[in-house]
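Colleague: Please work out how this folds:
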Amino acid sequence: MTKKPNWALLGTIAGVCAAPFTGGASLLATGGLGFVGGKIIETTGLFNSDSSDDNTSQIMKQWEMQNEQWKEMVKLNREEVERLRKEREDKEKKIKNNNDEVAKLNAIINNPHSSEEEKKNAKKRIVLLEDDNKKLKKELAKIAKDIENKSKVPPAPSKPWNFPKLGLLDKVLLASGAVLLIYLLIPESKKK
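Modeller: Numbering: from 1, shown residues only. This next block holds a predicted model:
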């Protein structure tokens, strides 16, 4: 059987839509469904469910793989965020310890009983501690930015539509029911 062009599909759709108005004659005229001798011949591929079943199962498998990858990525992000928070706490403790030591060294500098050598060494140590604190604060800013970026959870892959499998008769009934519903919604003044 040769594959018909898309015009056959459009003819089939037009025939199904016109069926309530023509008493079903349009279905025979279009030949899209091919009612011949009481047998239904599938000529358009519109009602071919084998290929759609394969596509649906492949799409579902792809979605499951993407969903697993997404879960793994979220898990790794959480672990990274926890590691960064621990690192941030360690650096904050180090800054606090440095500040406490700077306060003690300032007490030595301000003590009139301290020797000039002790005051000189204390000033040198304060400069080193303040430089260390500046470096630690820059690292804390970078860590905070990294935590913010890693805390953003990307959206999960959306699940593809999983339509029930419909046979030829189900599809024809649905199409004719939709056409009938549209026909019933048309006001009487427009039908004449």
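
Colleague: can we go C-alpha only for contacts and neighbour counts from here?
Modeller: OK.

Colleague: Run through the neighbouring helices and strands of the top helix by length along the chain.
Modeller: In the chain, assigned by DSSP state H, the helix with the most residues is helix 50-110. Counting contacts by 3 or more C-alpha pairs under 8 Å, 6 or more residues apart in numbering; DSSP states H and E, helix 50-110 is packed against helix 116-151.

Colleague: moving C-terminal of the helix or strand where residue 172 lies, what's the next helix or strand?
Modeller: Using DSSP states H and E, residue 172 sits in helix 168-185. Using DSSP H and E, the helix or strand that follows helix 168-185 towards the C-terminus is helix 188-191.

Colleague: Buried residues, that following helix. List them.
Modeller: Of all the residues in helix 188-191, not one is buried under the rule 16 or more other C-alpha atoms under 10 Å.

Colleague: Repeat that for stretch 120-137.
Modeller: Buried, per 16+ other C-alpha under 10 Å, within stretch 120-137: 122, 123, 126, 129, 133, 136, 137.

Colleague: I'd like the mean pLDDT over the longest helix of the chain, please.
Modeller: The predicted model assigns helix 50-110 a mean pLDDT of 88.

Colleague: Same question for stretch 175-188.
Modeller: The model assigns stretch 175-188 a mean pLDDT of 85.
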